[in-house]
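Asker: here is a sequence together with a model predicted from it:
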Amino acid sequence: MPGIPAEMKPSVADSLCDRSRCLDTDDSGLGELEGAPVFILGHHRSGTTLLYELLERTKSFNIITAYHAVCYDCLLTHAQRGESDTYRQRLNDYLAEHRLQTRLIDNVKIDADMPEEYGMILYKRSGAFSVTRKNVPLLRELCRKIQHIGDPRRNVLLKNPWDYDRFPLIHELLPTAKLVFIHRDPLNVLNSQIKALQKNWTADPNPYIGILFDSYARAQRNPLIKTFMRWATNPDSRTQLVRRFLTRKYIRMETFFRRQIGALPPESHLSVRYEDLCADPNAVVDRIMAFIGVEAQSACDYASFVNPREVQLLAGIERNREALLKKLAAVSQIPVSGSSVS
């Protein structure tokens, strides 16, 4: 099996998945990947999760879930023994025990079937959240596993904000892949990224993240790291360290996107706006399905699953609004305004 664990899973994950009893040791039964894998790519907090959830509701794709991320090394064994639902329920029981109903950083419902980023699996097995030349065999194995234990007739649908600027490599290594980019008003992206970091470091440790990464739990127990992160994400901090770092990162990634996207064949990629997705989700989903060349297997009103909220800009963002608008407007794929859609 490709990949060497970057860190051992914490004991809670071992217990939830019965790793010692259910470790996958033979993947010879996996078939070749059928259909083109579909990637949803965008900045963190740009709407990748919403788009992933809406496309999942078409029932036309195999997706990565929280259960897959937590129990990745045992998925084949669970399926072969007919025990997948048992371990999904174990994860749900754990989340209920810790009174987790949402991801805490937002209002996305959390359970074993919650759509999850494949970067979580890449990191645990290769030490990198994003695709690299070294871990692409792991990515291919992941796609084959998910399709094998799911519906072999369906394309694999993946999302990973960590790979937003890795699309040239994804296209090179997986040339048949379809890439769906989602873009959002960058001022709101930055605002949401900082809020997410604040919630992960100013509140009690997130038990779900602790299952995935023992390093997060260790960092939360380290008073120096926790104090630094709380200071760095403090909206009233004069240095605004995290805001400055995230702004530079955003500009770097958008500059790369603008320079490189033209090198890809037009039929390999599609860009949509988060604001359009919120305003008319049915039209955007239909457009994406036509681009992929797949028909929805379940008809529904996607608008009923979208509930935009008014954006409240953090004090540090509001104070520096004009300066940020000037910096971001030069590289953004969409108009920059700090709109009211959240």
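Answerer: Structure's in. What do you need?
Asker: in the stretch 201-342 of the chain, which spans are helices?
Answerer: For the stretch 201-342 of the chain, the helices defined by DSSP state H, counting those that start in this stretch cover 207-212, 214-221, 223-232, 241-260, 274-279, 281-292, 315-319, 321-329.
Asker: would a markdown table of those helices with distance to Thr176 and mean pLDDT be doable?
Answerer: C-beta coordinates here come from the backbone N, C-alpha and C atoms, glycine included. Output for the helices of the stretch 201-342 of the chain, formatted as a markdown table (distance: least, CB to CB, whole Å; pLDDT from 0 to 100):
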| stretch | distance to Thr176 | mean pLDDT |
| --- | --- | --- |
| helix 207-212 | 29 | 84 |
| helix 214-221 | 35 | 79 |
| helix 223-232 | 41 | 86 |
| helix 241-260 | 19 | 93 |
| helix 274-279 | 25 | 96 |
| helix 281-292 | 12 | 97 |
| helix 315-319 | 40 | 86 |
| helix 321-329 | 34 | 89 |
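Asker: in TSV: the ones you listed, plus mean neighbour count and distance to Tyr302.
Answerer: Converted to TSV, those look like this (neighbours: other CB atoms under 10 Å; distance: least, CB to CB, whole Å):
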stretch	mean neighbour count	distance to Tyr302
helix 207-212	20	26
helix 214-221	15	33
helix 223-232	13	36
helix 241-260	16	26
helix 274-279	20	9
helix 281-292	17	4
helix 315-319	17	30
helix 321-329	14	29
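Asker: so which of these gets nearest Gly47?
Answerer: Taking CB to CB, helix 274-279 is the member of the helices of the stretch 201-342 of the chain nearest to Gly47, at 3.7 Å.
Asker: and the closest one, what does it pack onto?
Answerer: Counting contacts by 3 or more CB pairs under 8 Å, 6 or more residues apart in numbering; DSSP states H and E, helix 274-279 is packed against helix 48-56, strand 178-183, helix 281-292.
Asker: about what we covered before: can you list the helices of the stretch 201-342 of the chain in CSV and add distance to Gln193?
Answerer: Below are these laid out as CSV (distance: least, CB to CB, whole Å):
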stretch, distance to Gln193
helix 207-212, 16
helix 214-221, 17
helix 223-232, 13
helix 241-260, 5
helix 274-279, 14
helix 281-292, 23
helix 315-319, 10
helix 321-329, 13
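Asker: okay, and for this structure, where does confidence drop off?
Answerer: Applying pLDDT under 70 to the chain flags the ranges 1-11, 203, 235, 333-342.
Asker: now do the strands in it.
Answerer: Per DSSP state E, the chain carries strands over the ranges 38-41, 61-63, 155-159, 178-183, 269-273.
Asker: among the ones you listed, which comes closest to Ser215?
Answerer: Closest among the strands of the chain, using CB to CB: strand 155-159, at 22.4 Å.
Asker: Lys195 reaches Leu314, doesn't it?
Answerer: Yes: counting by CB atoms under 8 Å, Lys195 touches Leu314, with 6.8 Å between them.
Asker: picking up where we left off before, relative to Arg321, which of the strands of the chain is closest?
Answerer: Nearest to Arg321 among the strands of the chain is strand 178-183 (19.6 Å), distances taken as CB to CB.
Asker: in a markdown table: the strands of the chain, plus mean neighbour count and distance to Phe305.
Answerer: A markdown table is the format used below for the strands of the chain (neighbours: other CB under 10 Å; distance: least, CB to CB, whole Å):
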| stretch | mean neighbour count | distance to Phe305 |
| --- | --- | --- |
| strand 38-41 | 25 | 16 |
| strand 61-63 | 24 | 15 |
| strand 155-159 | 25 | 16 |
| strand 178-183 | 23 | 16 |
| strand 269-273 | 18 | 16 |
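Asker: a markdown table for these, including distance to Pro207?
Answerer: Formatted as a markdown table, the strands of the chain follow (distance: least, CB to CB, whole Å):
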| stretch | distance to Pro207 |
| --- | --- |
| strand 38-41 | 26 |
| strand 61-63 | 23 |
| strand 155-159 | 23 |
| strand 178-183 | 28 |
| strand 269-273 | 33 |
